[in-house]
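S.K.: Predicted model and sequence below, questions to follow.
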Amino acid sequence: MWIASFAWLCLVTGYSQRKHRARHIPLMLTGIFLDIGLVLFLQITRSAIQTALEFSLSVPAQIHILFSSIALVLYVPILILGAKLVEHKGGPNTKSRHIKIATTALFFRTLGFLFMFSMWKN
Ligand code: HEM
């Protein structure tokens with residue numbers, strides 16, 4: 001929970017710094033790779049993907065998984081488009097596509113983050 005919260009905080013802070021490349025890029029990369037690392041860790045330690053595919057969890061937990069998975073899938077084009085922007089190799093639509101996909105990912109990541117608290121155990 002703490003790592004996922006920290007990753008989300010990096011993404012939100014990085015979004016607020018979107019006009020400042022020197023802060024935007026490291027914050028977004030930290031958030032994205034923490035999220036990817038977390039899924040790999042949960043997969044290795046708890047077979048998270050199999051558990052998710054059994055659909056045995058509560059509805060809010062399944063919504064959390066669905067929204068977080070959408071964000072994870074979108075990280076791939078975000079990274080590709082972000083790298084093109086960094087290298088100035090993109091076309092005229094690269095920036096607008098980056099903005100659209102990245103904002104959608106952050107929206108789903110935020111909803112997934114909120115639904116994560118339905119899985120909170122004392
Ligand atoms: C979920 C993650 C991300 C979100 C929500 C996001 C969002 C945005 C937004 C909204 C802008 C437009 C700023 C403006 O109004 O001018 C932007 C610009 C930019 N982003 Fe991202 N971004 C994300 C990840 C990344 C990553 C991973 C990279 C690099 C690998 C990156 C590289 C850039 C660059 C270089 C710009 C500046 C483009 C320019 O002004 O020419 N972004 N981002």
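M.R.: Yep, it's here.
S.K.: could you point out which element follows the lengthiest helix in the chain?
M.R.: Longest helix of the chain, by residue count under DSSP state H: helix 59-87. Moving toward the C-terminus from helix 59-87, the next helix or strand (DSSP states H and E) is helix 94-116.
S.K.: what about that following helix, near the ligand?
M.R.: Yes - applying Cβ under 6 Å from any ligand atom, one finds helix 94-116 in contact with the ligand at 95, 98-99, 102-103, 105-106. Where C-beta positions appear, they are placed from N, C-alpha and C, glycine not excepted.
S.K.: and that helix, average pLDDT?
M.R.: Mean per-residue pLDDT for helix 94-116: 97.
S.K.: Now it - C-alpha only, PDB.
M.R.: Extracted in PDB, the C-alpha atoms of helix 94-116 (Å, rounded to 0.1, in the frame of the first residue of the first chain):
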ATOM      1  CA  THR A  94       3.300  13.100 -30.700                       C
ATOM      2  CA  LYS A  95       2.800  15.600 -27.900                       C
ATOM      3  CA  SER A  96      -1.000  15.700 -28.100                       C
ATOM      4  CA  ARG A  97      -1.100  11.800 -28.200                       C
ATOM      5  CA  HIS A  98       1.200  11.700 -25.200                       C
ATOM      6  CA  ILE A  99      -1.100  14.200 -23.300                       C
ATOM      7  CA  LYS A 100      -4.300  12.200 -24.200                       C
ATOM      8  CA  ILE A 101      -2.900   8.800 -23.300                       C
ATOM      9  CA  ALA A 102      -1.000   9.900 -20.200                       C
ATOM     10  CA  THR A 103      -3.900  11.800 -18.800                       C
ATOM     11  CA  THR A 104      -6.200   8.800 -19.300                       C
ATOM     12  CA  ALA A 105      -3.700   6.600 -17.600                       C
ATOM     13  CA  LEU A 106      -3.400   8.900 -14.600                       C
ATOM     14  CA  PHE A 107      -7.200   9.100 -14.400                       C
ATOM     15  CA  PHE A 108      -7.500   5.300 -14.200                       C
ATOM     16  CA  ARG A 109      -4.500   5.000 -11.900                       C
ATOM     17  CA  THR A 110      -6.200   7.500  -9.500                       C
ATOM     18  CA  LEU A 111      -9.500   5.600  -9.600                       C
ATOM     19  CA  GLY A 112      -7.600   2.300  -9.100                       C
ATOM     20  CA  PHE A 113      -5.700   3.900  -6.200                       C
ATOM     21  CA  LEU A 114      -8.900   5.000  -4.500                       C
ATOM     22  CA  PHE A 115     -10.400   1.500  -4.900                       C
ATOM     23  CA  MET A 116      -7.200   0.000  -3.400                       C
END
